[in-house]
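Got a predicted model here, sequence first, then my questions.
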Amino acid sequence: MEIAHAKRHPTVEEVYACVRRRVPSISLDTVYRTLAAFEKHGLIQKLQILEEPVRYDGTPARHHHLVCKRCKSISDFHWPLFERMRLPGAAAAWGRAEARQVQILGLCRKCLRGAAIGALDGHRLRDNFC
């Protein structure tokens, strides 16, 4: 399962391209259905961040995400204190919370450096997923 070993959060198309190198006959539909099954069984997480294509996260342990609004990179971080915090009254009164996840949006260091030297687009994370 490529996603479990990924250092980043691939799109379904990236997973498809990677798997297709080893299994040329695989269909995109099969990849979609397999990712849906993995998500249903808690093996991966589906991430919908901003208005970007859905990405997948193969880290099953509780964690949160830092999202760069310019280059769209996503980095994991852990926040044990947040996990132990009591919910505010309105959230606790709402019902039963089953999960907590934080997404912090901003600019990554590379994009901040690019902005400081006048680069318009910053960097775009395009390393190979495979």
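Yep, that arrived.

Count the neighbours of Val67 for me.
20 (other Cβ atoms under 10 Å). From N, CA and C alone the C-beta is placed, and that goes for glycine too.

quick one, phi/psi of it?
phi -120, psi 120 (degrees, to the nearest 10).

is it in a bridge, and if so with what?
Beta-bridge partners of Val67, counted by DSSP bridges, are Ile74, Leu105.

What pLDDT is listed against it?
In this model, Val67 is scored at 93, pLDDT.

Let me know how buried Pro60 is, in neighbour terms.
11.

Ok, Val19 next?
Neighbour count of Val19, defined by other Cβ under 10 Å: 18.

surely it meets Ser27?
No - between Val19 and Ser27 there is no contact under Cβ atoms under 8 Å: 10.3 Å.

do you know how far His64 is from Leu28?
For His64, the distance to Leu28 (Cβ to Cβ, to the nearest Å) stands at 30 Å.

ugh, typo on my part, it should be Val54
The separation that Val54 has from Leu28, given Cβ to Cβ, amounts to 13 Å.

Give me the common contacts of the two.
Each of Val12 lies in contact with both Val54 and Leu28 under the rule Cβ atoms under 8 Å, 6 or more residues apart in numbering.

quick one: buried residues of the longest helix belonging to the chain?
Longest helix in the chain, counting residues (DSSP state H): helix 28-40. Within helix 28-40, the residues scored as buried using 16 or more other Cβ atoms under 10 Å are 31, 34-35, 38.

do stretch 72-81 as well
For stretch 72-81, burial by neighbour count (16+ other Cβ under 10 Å) applies to 72-74.
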